[in-house]
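S.K.: got a sequence here, can you model it:
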Amino acid sequence: MSDGPTGVHAPEPEPTPGAGDQRASDLLGAALGGAAKRAGLDPAQQSSTGRVVWSAMGGWRGVLESVLPSLTFILTYTLVPGDTQDKLIPALAVSVGIAAVFTIVRLVQKSPPSAAIGGLVAAGVAAGLALITGNPSDNFIPGFITNAVYGSALLISALVGWPIIGLAVGFLVGEGTRWRTDRRKRRAFFWLTVAWAALFAARLAVQFPIYLTSLDESQRDSAVALLGTLKLVMGIPLFAPLLAVTWLVVRALYPPAPR
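M.R.: Here you go, the predicted structure:
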């Protein structure tokens, strides 16, 4: 039977890699697996898919940290009257301010601040870029770069036979890279990794052309509103279902031991 659509096959990597490749994959897999476990993605746990996805997103706090900075930027920029600069500065101030509040709350509560700090740094860099250029659409450039880097890394890892999803899951379940000797697991991890790469590529393919229209000042305001809306729509609403599918596939490959 074919591994996928007609004429498309998952690569068949050598099951015994070189020492250099093995060492690099061990380090990357251990880091990814540890991060996944801290996010609540442990196939050994008897948890429902919905609970796992919700935990991985960080619950209500994680959702708000992900959505509110972008949402307030769009709303403030749209609702504040005036020219571009009159709207840009308060919109950026509100966005960065909210990200800073989330970070401070995490530090005060002594909860893991990495996600909030990452969001604050990203918001600060994006705001600085937009202020320097005077184009509010440049606030979205760091997101374009992130999508391009993540998508490329995922796709390349799959094509060279070391899919990132497989590396993370292998170390998460204590299997290391032994999954590469199992054709069924290699195929599943290949397509899961390609699916994640496609998500990041789709965001870039849809949003970047709209960014280019913002270079025309007459279309700038509408482009900013559309970019912000698409960033929200193509964020959690696409991330959560794909995470659920990934979890279900991994659970099928590694069913939890009966209690």
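
S.K.: CA only for contacts and neighbour counts going forward, please
M.R.: Noted.

S.K.: next, count neighbours for Leu64.
M.R.: Neighbourhood size, Leu64 [other Cα atoms under 10 Å]: 15.

S.K.: what's the host helix or strand of it packed up against?
M.R.: Assigned by DSSP states H and E, Leu64 belongs to helix 59-79. Counting contacts by 3 or more Cα pairs under 8 Å, 6 or more residues apart in numbering; DSSP states H and E, helix 59-79 is packed against helix 84-109, helix 114-133, helix 220-233.

S.K.: mean pLDDT lowest for which of the ones you listed?
M.R.: For these, mean pLDDT drops lowest on helix 114-133, to a mean of 85.

S.K.: show me which parts of it are buried, residue by residue.
M.R.: 115-117, 119-120, 122-127, 129-131 (16 or more other Cα atoms under 10 Å).

S.K.: neighbours of Val60, how many?
M.R.: Val isn't right for residue 60; it's Trp. Trp60: 11 neighbours (other Cα under 10 Å).

S.K.: from Leu68, how far out is it?
M.R.: 11 Å (Cα to Cα, to the nearest Å).

S.K.: and Val108, by the same measure?
M.R.: In terms of Cα to Cα, Val108 sits 20 Å off from Leu68.

S.K.: ok, those two, which is more surrounded?
M.R.: Using other Cα under 10 Å, the more surrounded residue of Val108 and Leu68 is Leu68, with 16 against 9.

S.K.: picking that back up, could the helices and strands packed on helix 59-79 go into CSV alongside distance to Ser214?
M.R.: Formatted as CSV, the helices and strands packed on helix 59-79 follow (distance: least, Cα to Cα, whole Å):
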stretch, distance to Ser214
helix 84-109, 12
helix 114-133, 12
helix 220-233, 4
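
S.K.: closest one to Asn147 among those?
M.R.: Nearest of the helices and strands packed on helix 59-79 to Asn147, taken as Cα to Cα: helix 220-233 at 11.3 Å.

S.K.: residues in contact with the residue nearest to Lys87 when sequence neighbours are not counted?
M.R.: Leaving aside its sequence neighbours, Lys87 sits nearest to Tyr77 (Cα to Cα, 6 or more residues apart in numbering; 5.1 Å). Going by Cα atoms under 8 Å, 6 or more residues apart in numbering, Tyr77 touches 87-88, 90-91.

S.K.: any idea how far Ser222 is from the spatially closest residue to Arg220 that is not a sequence neighbour?
M.R.: Closest residue in space to Arg220, ignoring its immediate chain neighbours: Ser214 at 4.2 Å, by Cα to Cα, 6+ apart. Here Ser214 is placed at a distance of 8 Å from Ser222 (Cα to Cα).

S.K.: those two: which is more packed in?
M.R.: With neighbours defined as other Cα under 10 Å, Ser214 and Ser222 compare such that Ser214 has more, 20 against 15.

S.K.: how close does the more buried one sit to Ala188?
M.R.: 40 Å.

S.K.: please export the C-alpha coordinates of stretch 190-200 as PDB.
M.R.: Provided in PDB are the C-alpha atoms of stretch 190-200 (Å, rounded to 0.1, in the frame of the first residue of the first chain):
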ATOM      1  CA  PHE A 190       6.500  12.400   8.700                       C
ATOM      2  CA  TRP A 191       3.000  13.500   7.800                       C
ATOM      3  CA  LEU A 192       2.300  15.100  11.200                       C
ATOM      4  CA  THR A 193       5.500  17.200  10.800                       C
ATOM      5  CA  VAL A 194       4.500  18.100   7.200                       C
ATOM      6  CA  ALA A 195       1.000  19.100   8.500                       C
ATOM      7  CA  TRP A 196       2.600  21.500  11.100                       C
ATOM      8  CA  ALA A 197       4.900  22.900   8.400                       C
ATOM      9  CA  ALA A 198       1.800  23.500   6.200                       C
ATOM     10  CA  LEU A 199       0.100  25.400   9.000                       C
ATOM     11  CA  PHE A 200       3.000  27.900   9.300                       C
END
